[in-house]
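# Need coordinates for the below:
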Amino acid sequence: MKQLTHPIYEIASKVADELGLNAYAVGGVVRDLVMNRKSKDIDIVVVGSGIAFAKAVANAISPHIEVSVFKNFGTARFRFADTEIEFVGARRESYQSNSRKPAVEDGTLQDDLNRRDFTVNALAIPLNGENKGEILDCFGGLQDISAKIIRTPLDPDVTFSDDPLRMMRAVRFASQLGFSILPETFEAIQRNAARLEIISKERIIDEFNKILLSPRPSWGINLLKDSGLLQYFLPELLQLQGVEIVNGRGHKDNYLHTMEVVDTVASVSTNLWLIWAALLHDIGKPTTKRYDEKIGWTFHSHEFVGSKMVGKIFSRLKMPTTDHQKYVQKLVLMHLRPIALVEDVITDSAVRRLLFEAGDDIDDLMLLCNADITSKNAEKRKRYAENFVKVQKKLIDIEEKDRLRNFQPPVDGMEIMEVFGIGPSKEVGVIKEAIRNAILEGVIGNNHDEAYQLMLTEGKKLGLLPR
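Numbers count the residues shown, from 1 in each chain. A predicted model of the protein is given here:
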């Protein structure tokens with residue numbers, strides 16, 4: 001039998017005995033123990049007051065431990081031995097149809113396990129008493145872990161109607177663990193999908209982000225699509241589906257392509273926002289799709305349209321609208337640039353401009369662009385891969401020589417105004433632009449001396465003389 005090894009368990013066991021209470025490790029920590037996965041946090045249920053028990057356990061460890069109390073939920077938590085520990089009293093819940101916030105009353109351990117979302121999370125291990133250390137499995141959770149199945153302990157329609165966020169959690173656990181959702185459970189999600197509308201966008205996106213960070217995000221995203229949940233928060237992805245054919249000429253299924261790009265990026269990066277960029281990189285294609293009799297299907301400017309759509313999507317979903325949004329917009333806007341370099345002659349000036357505009361995000365942009373090559377033509381993929389190596393080598397060489405990442409002009413506007421004795425004006429902008437372009441085109445080096453001389457030359461053209 002697998003053993004609970006964290007030091008909190010023996011301390012909680014001793015305190016529970018002293019207070020005459022029954023305490024249990026429950027939920028994800030037990031599931032992860034069975035699956036040999038590392039748990040990020042620990043949930044402990046006590047038949048009694050979870051808050052009072054948490055304070056007693058914390059005091060037994062040290063009087064200096066700070067306990068966070070959430071009276072409305074009857075829970076308390078503190079951090080101990082690099083782990084977040086949460087305590088709650090066993091409870092019974094009942095729901096109203098227009099809210100996912102339940103009415104709560106004290107209950108037994110069985111009541112508490114009944115309210116759990118899935119059988120794999122409805123496992124408990126007594127921390128004290130006669131059955132100490134044994135896994136209690138009332139709903140076949142151990143068998144479902146073995147079979148890699150997500151299933152609700154009770155009627156799935158009631159479970160999902162009571163708390164519609166559980167539908168997102170079902171998909172999230174399936175995606176994280178590589179499990180399937182039991183057909184009866186999945187059909188209940190399909191029947192209740194519209195109930196997701198009562199859930200806040202913040203809670204939905206919190207679950208969706210965990211799906212994006214799972215080993216193969218497409219597994220979860222496809223479950224969201226097939227269950228009907230996706231249309232209630234990210235319908236733009238659904239518009240990418242399908243292939244239209246005119247005169248025997250079709251385009252690729254941009255949804256399937258996007259899933260492939262997302263999986264590729266997620267396989268090499270845990271940067272959530274880079275994965276979001278992969279998810280939305282072609283989001284502008286449905287709007288820009290056109291058929292040209294000569295060249296077939298086109299999606300001109302889809303990167304510009306997509307970049308603008310990112311802002312609207314982030315705002316609607318109440319996601320971060322500062323640096324993270326700008327980062328995703330930037331990568332969506334620029335995702336074709338490295339491809340253009342691969343297809344054309346790779347000039348130093350084009351690479352300099354790419355470095356200048358991408359800045360510190362150049363490595364992420366290159367990763368996204370490389371993942372975007374999903375052609376089924378082996379020869380084409382080989383050619384792109386070889387050219388990508390050349391582009392990346394040029395990026396490294398030019399970066400070492402010209403230091404253009406997060407470029408700052410060696411001569412700035414303040415110096416220009418001081419040298420010529422002028423104030424803010426159009427002429428200052430013209431000179432700055434000339435210096436920047438000269439550096440990017442390789443006409444002058446990225447250093448103060450050469451930039452200063454060019455400033456004097458450009459100033460003279462504009463009728464400006466040094467003071």
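
# Please pull out the lowest mean pLDDT helix or strand from the chain.
strand 103-106 (a mean of 62; mean pLDDT, DSSP states H and E).

# buried sites along the helix or strand just after it?
For strand 103-106, the succeeding helix or strand toward the C-terminus, using DSSP states H and E, is helix 109-114. Within helix 109-114, the residues scored as buried using 16 or more other C-beta atoms under 10 Å are Leu109, Asp112, Leu113, Asn114. To be clear about C-beta, it is placed using only N, CA and C from the backbone, and glycine gets the same treatment.

# For the last one, give me its contacts.
Put plainly, it is Asn114. Arg92, Pro153, Leu154 (C-beta atoms under 8 Å, 6 or more residues apart in numbering).

# can you redo these as a markdown table with secondary structure, distance to Phe139 and neighbour count?
Listed next are the contacts of Asn114 as a markdown table, based on DSSP: H, G, I helix; E, B strand; the rest coil; distance: C-beta to C-beta, whole Å; neighbours: other C-beta atoms under 10 Å:
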| residue | secondary structure | distance to Phe139 | neighbour count |
| --- | --- | --- | --- |
| Arg92 | strand | 16 | 16 |
| Pro153 | coil | 4 | 20 |
| Leu154 | coil | 8 | 14 |
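
# These into CSV, with extra columns for pLDDT and distance to Gly220?
Converted to CSV, the contacts of Asn114 look like this (pLDDT from 0 to 100; distance: C-beta to C-beta, whole Å):
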residue, pLDDT, distance to Gly220
Arg92, 76, 31
Pro153, 94, 22
Leu154, 92, 24
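
# any chance of the residues you listed in a markdown table, with distance to Gln190 too?
Output for the contacts of Asn114, formatted as a markdown table (distance: C-beta to C-beta, whole Å):
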| residue | distance to Gln190 |
| --- | --- |
| Arg92 | 28 |
| Pro153 | 20 |
| Leu154 | 18 |
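
# Nearest to Ala194, out of these: which one, please.
Among the contacts of Asn114, Leu154 lies closest to Ala194 (C-beta to C-beta), at 20.9 Å.

# Find the nearest non-adjacent residue to that closest one, please.
Using C-beta to C-beta, 6 or more residues apart in numbering and skipping the chain neighbours, the partner closest in space to Leu154 is Asn114 (6.3 Å).

# Got the confidence number for the one you found?
Per-residue pLDDT puts Asn114 at 89.

# Please apply the same query to Thr322.
For Thr322, the predicted pLDDT is 83.

# Count the residues that sit near it.
8 (other C-beta atoms under 10 Å).

# Could you check how many residues crowd around Glu18?
Neighbours around Glu18, by other C-beta under 10 Å: 11.

# name the element it belongs to?
Short version, using DSSP H and E: Glu18 is in helix 8-19.

# do the same with Val69
Residue-wise, Val69 maps onto strand 68-70 under DSSP H and E.

# With Val57 instead?
helix 50-61.

# packing partners for that helix?
helix 8-19, strand 41-46, strand 75-80, strand 83-89 (3 or more C-beta pairs under 8 Å, 6 or more residues apart in numbering; DSSP states H and E).

# Export those as CSV, with columns for mean pLDDT and distance to Leu230.
Shown next, in CSV, are those (pLDDT from 0 to 100; distance: least, C-beta to C-beta, whole Å):
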stretch, mean pLDDT, distance to Leu230
helix 8-19, 96, 39
strand 41-46, 94, 28
strand 75-80, 95, 31
strand 83-89, 95, 31
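
# and of those, who's closest to Ala58?
When these are compared (using C-beta to C-beta), the closest one is strand 75-80, at 5.3 Å.

# Tell me the spacing between the residue nearest to Arg195 when sequence neighbours are not counted and Asp292.
Leaving aside its sequence neighbours, Arg195 sits nearest to Pro164 (C-beta to C-beta, 6+ apart; 3.9 Å). Counting by C-beta to C-beta, to the nearest Å, the gap from Pro164 to Asp292 is 45 Å.

# Those two - which one has more neighbours?
Pro164 (24 against 11).

# was I right about that one contacting Ile198?
Yes: between Pro164 and Ile198 a contact is recorded at 6.2 Å, counting by C-beta atoms under 8 Å.

# give me every residue that touches the residue nearest in space to the middle of the chain.
The centre of the chain sits closest to Leu272, judged by C-alpha atoms, centre = their mean, with a distance of 3.4 Å. Leu272 makes contact with Asn209, Leu212, Leu213 under the criterion C-beta under 8 Å, 6+ apart.

# now that we have those, which one has the most neighbours?
Result: Leu212 is most packed of the contacts of Leu272 (other C-beta under 10 Å), 21 neighbours.

# Tell me, how many residues neighbour the closest residue to that one other than its chain neighbours?
With sequence-adjacent residues excluded and distances taken as C-beta to C-beta, 6+ apart, Leu212 is closest to Ile275, at 4.8 Å. The tally of other residues near Ile275 (other C-beta under 10 Å) stands at 23.

# So what does the residue nearest to Arg195 look like in phi/psi?
Note on Pro164: backbone dihedrals following degrees, to the nearest 10 are phi -60, psi -20.

# Could you do Ala124 as well?
Dihedral angles for Ala124 - degrees, to the nearest 10 - are phi -140, psi 150.

# Model confidence score at the residue located most distally from the centre of the chain, please.
Relative to the centre of the chain, the most outlying C-alpha is that of Arg467, 54.7 Å out, by C-alpha atoms, centre = their mean. As predicted, Arg467 sits at a pLDDT of 81.

# cool, and Glu386?
73.

# Check the burial of it by counting its neighbours.
For Glu386, the count of nearby residues is 10 (other C-beta under 10 Å).
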